[in-house]
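**Q** Structure of the sequence below:
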Amino acid sequence: MNSISISIAILPDEKTAQMAIALSQKLARAIPTKFVLNGKDLIPHFTIYQAEFPVDNVEKLENAVSEIMSNYKSFELKLDLFSATKQGNIWWNVINDSEMKTLQNLVIEKCNPLREGLILPLYKTYKHIDSDQRKEIENYGSLWVVERYHPHISISKIGNEYLSQTLELMGKAESASFTASKIIIGKLGDYGTVTEIIKTFNLAS
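**A** Got it, this is the predicted structure:
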């Protein structure tokens, strides 16, 4: 079966996107990083849901997301904290995440069946995962959904040996807020990046 790795995500406004790109570039100048945001083929975003879908279902996926967004109003997002996961992911976190979690539940309800049981290739190679993570992958095709969902912009990914140094380099997170009004379906690249926008949907004001 031909398949494609997809990210359904919110785009930040231009100001917030440029702040994220500047942070990613700042980090890359100081230590080795796995990717550097640039706004072209490494696009700042807030993941709602990512999964592997049959290519034949992409149009159905677009219709499902369009249906959700046609009845969904724009909302405010605020960012105010950096964090680093044990896997070396550097995140700029949303602090008012209830709206994002509500939206994710709607997207999963409509879109998860369209993956037809497919799992993102990355997770097929995971060996050191617990039973809850394995169940999450089986149910949703990926991790970081439902209970473990923490909306964020991924700034970069680093080696674990740089974790403590990285948060020192990042410093205190600069607060940012914007109105979330654009949802995308994008091609999912390595490390959770979005490499291309396939379709954009506007939320009602």
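**Q** which residues sit against the longest helix belonging to the chain?
**A** Counting residues, the longest helix found in the chain (DSSP state H) is helix 14-30. If you take Cβ atoms under 8 Å, 6 or more residues apart in numbering as the criterion, helix 14-30 is touched by 11-12, 33, 35-39, 44, 79, 90, 92, 153, 155-156, 158, 166, 169-170, 174, 176, 178. Just so you know, the C-beta spots here come from the backbone N, C-alpha and C atoms, and that holds for glycine as well.
**Q** got the buried residues for that helix?
**A** 16-17, 19-21, 23-24, 27-28 (16 or more other Cβ atoms under 10 Å).
**Q** So what's the gap between that helix and the chain middle?
**A** Chain-centre distance of helix 14-30: 16 Å, with Cα atoms, centre = their mean, to the nearest Å.
**Q** mean confidence score for it?
**A** The average pLDDT for helix 14-30 rounds to 95.
**Q** Output that helix as PDB - backbone C-alpha positions only.
**A** The C-alpha trace of helix 14-30 is given here as PDB (Å, rounded to 0.1, in the frame of the first residue of the first chain):
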ATOM      1  CA  GLU A  14       4.500  35.400  11.100                       C
ATOM      2  CA  LYS A  15       5.900  37.100  14.200                       C
ATOM      3  CA  THR A  16       5.800  33.900  16.300                       C
ATOM      4  CA  ALA A  17       7.100  31.900  13.400                       C
ATOM      5  CA  GLN A  18      10.100  34.200  13.000                       C
ATOM      6  CA  MET A  19      10.800  34.000  16.800                       C
ATOM      7  CA  ALA A  20      10.800  30.200  16.600                       C
ATOM      8  CA  ILE A  21      13.100  30.300  13.600                       C
ATOM      9  CA  ALA A  22      15.500  32.700  15.300                       C
ATOM     10  CA  LEU A  23      15.600  30.400  18.400                       C
ATOM     11  CA  SER A  24      16.300  27.300  16.200                       C
ATOM     12  CA  GLN A  25      19.100  29.200  14.400                       C
ATOM     13  CA  LYS A  26      20.600  30.500  17.700                       C
ATOM     14  CA  LEU A  27      20.800  26.900  19.000                       C
ATOM     15  CA  ALA A  28      22.400  25.600  15.800                       C
ATOM     16  CA  ARG A  29      25.100  28.200  16.000                       C
ATOM     17  CA  ALA A  30      26.100  27.000  19.500                       C
END
